[in-house]
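*Asks:* I'll drop the sequence and a predicted model, then ask my questions.
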Amino acid sequence: MAARARVAGRGRTAKVGGRGRSRQLDRERIASAALELARTDGEGALSMRRLAALLGVDPAALYWHFRNKDDLMAEVARAAADAVPLEVPASGSWQERAFAVCSAVRDRLRRHPELGMQAGSPWMTPFNARANGLLVALLAESGLSGAPLLFAAQGLLHQVTAIAHSEVLSATRPAEGVRAFVGTVGEHLPEASRDAWRGLGRHPIADGFDAYFAFAIGVFLDGVGLRAAAGGSREDGESKDPPALDPPATGR
């Protein structure tokens, strides 16, 4: 007999029956099962119907706990973030510790793609929110404050996240597709840079990402230090915010 759901109010629970089993179904248990499914088979395998089959319930039972799949994915993203540690090293300069946090974020995103599961944008996830808080605290040691500090942390995190997602995607692309991309980029480079680009293309992709990450994040952190030294924030903590821009006019 198909499983039946009995719910009431916000603190919803559902009894899961079938084959002699009877246990409570709640948001935490559903999210945990969804997270495990995403980890083993990928985000694309996660559907309400397949998740319901895994839990032994009718798909309608899941909608007593989650409004829709986006609501479920948001809960899965929170569960994934809670399960992955992210800490700041106890010693080193602010640049060294910030680089270490960026490296840890990159590593976690590569090994746990489910951290990027979030309806709307892979950037706006609970894991990224936690990483952003750590980076703001570290970059504040440079002397930046106010809006420049927040912009710097956000820009740095976007750079790290973009590199990590590129690595995950490249691992699923056929080698000939990567070679075609390398060739296309080379066609648009200045002549003086083409030999260097072709040289990079001969290295393993993983080595290329390692070198690119170290250079890009290092340059970004150097830039933060230079901006702070040049007075990127006022001494009283009031930021030198950029002028507000009028929204572009839209024609009808």
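*Replies:* Thanks, I have the structure now.
*Asks:* show me where the stretch 51-200 of the chain has helices.
*Replies:* Along the stretch 51-200 of the chain, the stretches classed as helices by DSSP state H, counting those that start in this stretch are 59-62, 69-83, 94-111, 126-139, 146-170, 175-187, 191-201.
*Asks:* what ranges of the stretch 1-150 of the chain fall below the confidence cut-off?
*Replies:* Regions of the stretch 1-150 of the chain meeting the criterion pLDDT under 70 cover residues 1-23, 117-122.
*Asks:* burial count for the residue nearest to Thr161 when sequence neighbours are not counted?
*Replies:* Once flanking residues are discounted, Thr161 sits nearest to Trp123: 6.0 Å by Cβ to Cβ, 6 or more residues apart in numbering. For every residue, glycine as well, the C-beta is placed using N, CA and C. As a burial measure, the neighbour count of Trp123 was computed by other Cβ atoms under 10 Å and equals 16.
*Asks:* same question for Ala80.
*Replies:* Around Ala80 sit 25 other residues, with neighbours defined as other Cβ under 10 Å.
*Asks:* distance of it from Leu55?
*Replies:* In this structure, Ala80 lies at 18 Å from Leu55, with Cβ to Cβ, to the nearest Å as the measure.
*Asks:* ok, how many other residues are close to Gln60?
*Replies:* Just so we're on the same page, residue 60 is Ala rather than Gln. Neighbour tally, Ala60, other Cβ under 10 Å: 14.
*Asks:* ugh, typo on my part, it should be Glu191
*Replies:* Neighbouring residues of Glu191 were enumerated by other Cβ under 10 Å; the total is 6.
*Asks:* what's the answer for Arg227, then?
*Replies:* By the criterion of other Cβ under 10 Å, Arg227 has 17 neighbours.
*Asks:* ok, Leu46 touching Arg39?
*Replies:* No: in terms of Cβ atoms under 8 Å, Leu46 does not count as a neighbour of Arg39; the distance is 10.1 Å.
*Asks:* about what we covered before: let me know whether the residue nearest to Thr161 touches Gln159 as I believe.
*Replies:* No: here Trp123 does not reach Gln159: they are 11.3 Å apart, not a contact under Cβ under 8 Å.
*Asks:* JSON lines please, covering the helices of the stretch 51-200 of the chain and showing distance to Arg50.
*Replies:* Shown next, in JSON lines, are the helices of the stretch 51-200 of the chain (distance: least, Cβ to Cβ, whole Å):
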{"stretch": "helix 59-62", "distance to Arg50": "9"}
{"stretch": "helix 69-83", "distance to Arg50": "11"}
{"stretch": "helix 94-111", "distance to Arg50": "24"}
{"stretch": "helix 126-139", "distance to Arg50": "24"}
{"stretch": "helix 146-170", "distance to Arg50": "22"}
{"stretch": "helix 175-187", "distance to Arg50": "29"}
{"stretch": "helix 191-201", "distance to Arg50": "40"}
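*Asks:* what does stretch 35-48 rub up against?
*Replies:* Residues outside stretch 35-48 that contact it (Cβ atoms under 8 Å, 6 or more residues apart in numbering) are 34, 50-51, 54, 59, 62-63, 69, 72-73, 76, 79-80, 83, 112-114, 117.
*Asks:* can you say which of those residues are buried?
*Replies:* By neighbour count, with 16 or more other Cβ atoms under 10 Å, these hold 34, 51, 62-63, 69, 72-73, 76, 79-80, 112-114, 117 as buried.
*Asks:* list just the nearest of those residues to Gly183.
*Replies:* The closest of the buried ones among the contacts of stretch 35-48 to Gly183 turns out to be Pro113 (Cβ to Cβ; 28.0 Å).
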